[in-house]
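[1] I'd like to go over a predicted model; first the sequence, then the structure.
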Amino acid sequence: MKHGNNFDFLRLFFSFLVVIGHTIILSEQPELQNNFFAAMPNYSVFCFFIISGYLIFSSFERLANIKQYAFNRAKRILPAYFFVVIFFAFFLFFFSPLSAADYFSANWFKYLGANLVFLNFLQPCIDSLFTNQFICAVNGSLWTIKVEIMFYLFIPFLAFAIRKMRLSHKNVILISLYILSTIYFYFMSKYNYSVLAKQFPGCLNYFVVGILLNLNKDFFTKNINILLLPAIITVYLEKAVFMETIFTPFALGIAIFWFAYLKIPLKNFGKYGDFSYGMYLIHFPIIQIFVAKGFYKNDPYIGFLASTVLILVLAILIWNFIEKPFLTKSISRKAAQ
């Protein structure tokens, strides 16, 4: 899936939109306020889910080997995740007013433990850090990793359940899952359970859209130009007029599919590395540090530029020294066998 499409570019693009959106929200600077970009973190995350549905389901079907599938998913997502959680848990001591004895307390161990097992909601903050800011969370983006992992666990069950079905029956199953997920999201949101609404059942419709696009690739390739305009109109009407999320996941999927296979020179965009995951993991605590030190308040635009450049540089380092070595080592070992 790394060649012949623009998915590498899309992943980096959506990561960049998340960085912009969270900078606007967390900095609370009037000069940076933009409602359009401030809404981007959620939409970009959902677009990531669609891309995951498209690529990961296809990857599992090609392997048809649960052990290899689990190993591939683990080596891609865990090393960088564990590094970021552990690194900032220690590094942020230098930004805390507490002594070492007070900082490395039971609260700190609870933070570290909860985040290492993807239960970020149990302890998003560390005592004395970012207490006067928009939120005290060290890394408010990590909740999505839990959702992504739940999807990884769900894929084998779904794939084996529908593997012998005709395409039409597979589509019925997937559309049914889409509807159930959308209903769950609607009622959880309606009764103000927004945190629960965004968890795996409520986000499953986005993953399902990616799977539908993959299984029906020939149909969508043939009709994508016809479907694109109605998809754009659907997103606009739902979000700007009716304030609902019923057909938006599918409409976003149409737009992603259209761009992913658009004939533009971006198909080798990721040849120097995939920095999107590192950007996503590391941006939130960096922005929080910049807010705490007043860099955005001193000059919002210079602060935004400096934090964005630093995030990109750190993402490149994470790719080259953590993500890539694990992936390369695994590939080399497989070749030797």
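    In hand now; what should we look at? Numbering: from 1, shown residues only.
[2] so where's the stretch 1-150 of the chain shaky on pLDDT?
    For the stretch 1-150 of the chain, residues meeting the criterion pLDDT under 70 lie at 1-3, 34-39, 64.
[3] How about I282, nearest residue that isn't a chain neighbour?
    Spatially, and ignoring its direct neighbours in sequence, I282 is nearest to L314 (5.2 Å; C-beta to C-beta, 6 or more residues apart in numbering). (C-beta placed from N, C-alpha, C; glycine too.)
[4] what's the one you found in contact with, if anything?
    Contact partners of L314, counting by C-beta atoms under 8 Å, 6 or more residues apart in numbering, are 278, 282, 286.
[5] can you count the residues close to the second one?
    I282: 25 surrounding residues under other C-beta atoms under 10 Å.
[6] Just confirm it contacts V313, I think it does.
    No: judged on C-beta atoms under 8 Å, I282 makes no contact with V313 at a distance of 10.0 Å.
[7] Helices of the stretch 1-150 of the chain, start to end?
    Taking DSSP state H, counting those that start in this stretch as the criterion, the stretch 1-150 of the chain carries its helices at 7-27, 35-38, 40-63, 66-91, 100-103, 106-116, 143-162.
[8] hang on, the earlier thing: next step: the contacts of L314 restricted to helices.
    Taking DSSP state H as the definition of helices, the contacts of L314 contribute 278, 282, 286.
[9] ok, so of those residues, who is nearest N72?
    Distance to N72 across the ones in helices among the contacts of L314 (C-beta to C-beta) is lowest for G278, with 18.2 Å.
[10] Just confirm the closest one contacts F321, I think it does.
    No: with contact taken as C-beta under 8 Å, G278 and F321 are classed as non-touching, separated by 10.2 Å.
[11] Next, work out how far apart the residue most central in space within the chain and S141 are.
    By C-alpha atoms, centre = their mean, the mean C-alpha position of the chain lies nearest to V45, the distance being 4.4 Å. In this view, V45 and S141 are 8 Å apart by C-beta to C-beta, to the nearest Å.
[12] overlap in contacts of these two?
    Common neighbours of V45 and S141, using C-beta under 8 Å, 6+ apart, are V18.
[13] sorry, back to before: can you pull the contacts of the residue nearest to the centre of the chain?
    For V45, the residues meeting the contact criterion (C-beta under 8 Å, 6+ apart) are 14, 18, 144.
[14] now do 10 Å
    Residues in contact with V45, defined by C-beta atoms under 10 Å, 6 or more residues apart in numbering, are 14, 17-18, 21, 141, 143-144, 147-148, 198, 203, 206, 280.
[15] same deal with L204?
    For L204, the contacting residues are 49, 53, 147, 150-151, 154, 158, 177-178, 180-182, 184-185, 249, by C-beta under 10 Å, 6+ apart.
[16] Just give me the least confident of the residues you listed.
    Going through those one by one, the lowest pLDDT turns up at F185, 89.
[17] And the pLDDT for the residue nearest to it when sequence neighbours are not counted?
    Across the structure, with C-beta to C-beta, 6+ apart as the measure, the residue nearest F185 apart from its sequence neighbours is G202 (3.9 Å). pLDDT, G202: 90.
[18] and G202, how many neighbours?
    Burial measure for G202: 24 neighbouring residues, criterion other C-beta under 10 Å.
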